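A.B. asks: sequence below, structure please.
(one chain, ligands or ions: 2)
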Amino acid sequence: MMVCVVRRGAVRSAAAQQRLSSLYVDSRGTRKAAWVPPAGYPTGIHVYNSLTRTKEPLVLARPGVVTWYSCGPTVYDHAHLGHACSYVRFDIIRRILSKVFEKDLVTVMVITDIDDKIIKRANELNISPVSLARTYEEDFKQDMAALQVLQPTVYMRVTDNIPQIISFIEKIIKNGHAYATAKGNVYFDIKSIGDKYGKFSGGFLNTEEELGESDKRQNKDFALWKKSKPQEPFWISPWGKGRPGWHIECSTIASIVFGSKLDIHTGGIDLAFPHHENEIAQCEAYHQCEHWGNYFLHTGHLHLKGSEEKMSKSLKNYITIKDFLKTYSADQFRMFCLRCKYRSAVDFSDDSMNEAKSTLSTISSFMNDANAYMKGQLMCHPVREDLLWERFTDTKVNVKAALADDFDTPRAVESVMDLIHHGNRQLKAVTKETESSPSSPVVYGTMVSYIEQFFKTLGISFEARQAVAENRSSAMLHKVIDELVDFRSKVRNYALDAHEDSACDQTAAAAGEKQQREKRRQLLREREPLIQACDIVRQDLSAFGINIKDRGSKTTWELIKTDEKM
Ligand SMILES: Nc1ncnc2c1ncn2[C@@H]1O[C@H](COP(=O)(O)OP(=O)(O)OP(=O)(O)O)[C@@H](O)[C@H]1O
Ligand SMILES: [Zn+2]
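C.D. replies: Numbering: from 1, shown residues only. Ligands and ions are numbered 1, 2, ... in the order given. Sure, this is the predicted structure:
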């Protein structure tokens, strides 16, 4: 049974969603146009759409093609595990869509390389904002590569698209949904879209807050273009020197690539409001369309265990990806992510990482044992092949159903672990070779092949298993360990022979019982140091991740992760 630490209240129930046929009333009593499934090509997959707060059938605008826009990082510092969690979870979904459901994906990720936080940090470090942003953009890409996150089809920077952003704003103004002020700012006029605002926030909040010094018409209006302050980077625009607001960059860049049709839009749950709310308002105002962006998928937050707050740079409660990877591996982090639903908030702790590690070692150990069994190195009682084939077929069906149900990776992994459990139960080694019986290598081979493929599909690379084949020196090391284990096995079998009655049986009649027993004791005493030496070498090698397993007179070995990364 897989136990996953999920924070309460993280996933809202579908029952909370009030939907009528064409209009629904949100929690604030506002009447809204209901989301309708897009016309297009059904996939057989259901996804939880934050727009409706329920699972909806995923229907694509084009056959077999998924268009996907992802909000990317603001590059002003090292990325932390919160970022890792969001991007690894989406990477898993991407792999499922492309490998399991055979879709072609076009993914775009924006790099926010101009922003208040970037300017502030660059000033603190006395470097230019652009140089700071380029440094951390590269750093982010390296972290993602280290976590086995696939690159998007294209990364796009905000600062490479300023003219397009300016044109985008001009059209929103022309369409009557934004206004420029005498101070040189441009704001989105929320009232101009009435009830359409509030897809994630629950509606237009008609608060009567003081506007103070602000040049906005209403407090909730948000900036499309900000007049630059002295010493800040700026671009020339029809409204004077300034720079884009945060939300407009995503609307513009998504529209440059995907026009007015977008299948999937993703980000962490903190981005739903106001960021995605405002992106939608801008795009619908620009494209003059009823619905922009069909499915909004949001990942839950990663928290340090015991903390109410999400892991965040500003709260200084973060672990950088680089620091994390000094202790744990990318496979282990991915397994940690797979064990919870992508929408759940999740607690990070050494305990939860240990559970992920233990799941990985159960998988590796099964694959090694099954391989040893196939090679005849592991003698077992006869296995119930029919049961295993049946379980195998069920597992495949269950896994696909789980993944089609809003990418339910914990359920899919649990099905596979259940198969491993049944496979293990039947791999009971017999102690004496004479007890060996017919074996069933094909069913075990099939399970190994499927399990390996399943985890590779989700981005688990099984580095330890692959390290051997990857370069010449590790291939050489593999051979050396083979030789060493073979030699140790011969020594051990020789020493163990002294325990066997049979070693002395033939001469027993001639030499007499008493003399025989004395001779055996003598042999045991003489050979005991050999057994001890064999035990010591096994223990010593385990510190380097070489796990020697003695099974009767046969010995096998496997590579597991060493303690620094376990
Ligand atoms: N603790 C977290 N758990 C899950 N996702 C997170 C976490 N922190 C940030 N994210 C997600 O990472 C992506 C990149 O975020 P961004 O660069 O804007 O960081 P941020 O939210 O400013 O980080 P911070 O709060 O640490 O400054 C967003 O989709 C955001 O939702
Ligand atoms: Zn965005």
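
A.B. asks: the nearest residue to P63 once chain neighbours are set aside bridge partners, please.
C.D. replies: Of all residues not flanking P63 in the chain, Y41 sits nearest, at 4.7 Å (C-beta to C-beta, 6 or more residues apart in numbering). Bear in mind the C-beta positions are built from the backbone N, C-alpha and C, glycine included. Note on Y41: beta-bridge partners by DSSP bridges are L60.

A.B. asks: in the stretch 251-400 of the chain, which spans are helices?
C.D. replies: For the stretch 251-400 of the chain, the helices defined by DSSP state H, counting those that start in this stretch cover 277-287, 321-327, 330-338, 350-374, 385-404.

A.B. asks: what helices or strands is the longest one leaning on?
C.D. replies: Read that as helix 350-374. Here helix 350-374 touches helix 330-338, helix 409-426, helix 441-457, helix 463-470, strand 554-559, going by 3 or more C-beta pairs under 8 Å, 6 or more residues apart in numbering; DSSP states H and E.

A.B. asks: just the shortest one next, same as before
C.D. replies: Helix 321-327 makes packing contacts with helix 81-95, helix 129-146 when contacts are defined by 3+ C-beta pairs under 8 Å, 6+ apart.

A.B. asks: contacts for the last one, please.
C.D. replies: Around helix 129-146, the neighbours that count as contacts under C-beta atoms under 8 Å, 6 or more residues apart in numbering are 73, 75-79, 83-84, 87, 111, 113-114, 118-119, 121-122, 125, 151, 155, 157, 159, 233, 321-322, 325, 330.

A.B. asks: helix 81-95 and that one, what's the angle between them?
C.D. replies: Interaxial angle, helix 129-146 versus helix 81-95 (axes from the mean of the first three to the mean of the last three C-alpha atoms, to 10 degrees): 60 degrees.

A.B. asks: helix or strand right after helix 129-146?
C.D. replies: strand 154-157 (DSSP states H and E).

A.B. asks: are that next one and ligand 1 in contact anywhere?
C.D. replies: No. Taking C-beta under 6 Å from any ligand atom as the criterion, strand 154-157 and ligand 1 are apart, separated by no less than 13.5 Å.

A.B. asks: check the offset of that strand from the chain's centre.
C.D. replies: On the basis of C-alpha atoms, centre = their mean, to the nearest Å, strand 154-157 sits 21 Å off its chain's mean C-alpha point.

A.B. asks: please export the C-alpha coordinates of that strand as CSV.
C.D. replies: The C-alpha trace of strand 154-157 is given here as CSV (Å, rounded to 0.1, in the frame of the first residue of the first chain):
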residue,chain,number,x,y,z
VAL,A,154,10.8,26.4,-27.6
TYR,A,155,11.8,28.6,-24.8
MET,A,156,10.8,32.2,-25.4
ARG,A,157,12.2,35.3,-23.6
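
A.B. asks: any idea how far N317 is from the residue nearest to G267 when sequence neighbours are not counted?
C.D. replies: The shortest distance from G267 to any non-neighbouring residue, by C-beta to C-beta, 6+ apart, is to C71 (4.0 Å). Distance, C71 to N317, by C-beta to C-beta, to the nearest Å: 22 Å.

A.B. asks: also F200?
C.D. replies: Separation of F200 from N317 (C-beta to C-beta) stands at 25 Å.

A.B. asks: more crowded one of those two?
C.D. replies: F200 (20 against 15; other C-beta atoms under 10 Å).

A.B. asks: okay but that one is in contact with H276, surely?
C.D. replies: Yes. F200 is in contact with H276 according to C-beta atoms under 8 Å; the separation is 6.2 Å.

A.B. asks: shared neighbours, these two?
C.D. replies: What both F200 and H276 touch, as defined by C-beta under 8 Å, 6+ apart, is the set S50, F296.

A.B. asks: what does the stretch 301-450 of the chain put close to ligand 1?
C.D. replies: H301, L302, K310, M311, S312, K313, S314.

A.B. asks: residue in the stretch 351-500 of the chain nearest to ligand 2?
C.D. replies: In the stretch 351-500 of the chain, the residue that lies nearest ligand 2 is F407 (21.0 Å; C-beta to the ion).

A.B. asks: a helix runs through that residue, doesn't it?
C.D. replies: No. Going by DSSP: H, G, I helix; E, B strand; the rest coil, the assignment for F407 is coil, not a helix.

A.B. asks: low-confidence ranges in the stretch 251-400 of the chain?
C.D. replies: Across the stretch 251-400 of the chain, nothing is flagged by pLDDT under 70.

A.B. asks: residue of it nearest ligand 2, please.
C.D. replies: For the stretch 251-400 of the chain, C-beta to the ion, closest residue to ligand 2: H275, 5.4 Å.

A.B. asks: how many neighbours does the nearest residue to that residue once chain neighbours are set aside have?
C.D. replies: Spatial nearest neighbour of H275, chain neighbours left out: H247 (5.8 Å); criterion: C-beta to C-beta, 6+ apart. H247 is flanked by 24 other residues according to other C-beta under 10 Å.

A.B. asks: which residues does H247 contact?
C.D. replies: So H247 contacts F222, L224, P274, H275, N278, E279, Q282 (C-beta under 8 Å, 6+ apart).

A.B. asks: so who does the last one touch?
C.D. replies: Just to be clear, that refers to Q282. F168, I172, F188, L224, H247, I248, S251.

A.B. asks: and which of those is nearest to ligand 2?
C.D. replies: Nearest to ligand 2 among the contacts of Q282 is H247, at 7.0 Å by C-beta to the ion.

A.B. asks: name the helix or strand for that closest one, please.
C.D. replies: Judged by DSSP H and E, H247 forms part of helix 246-258.
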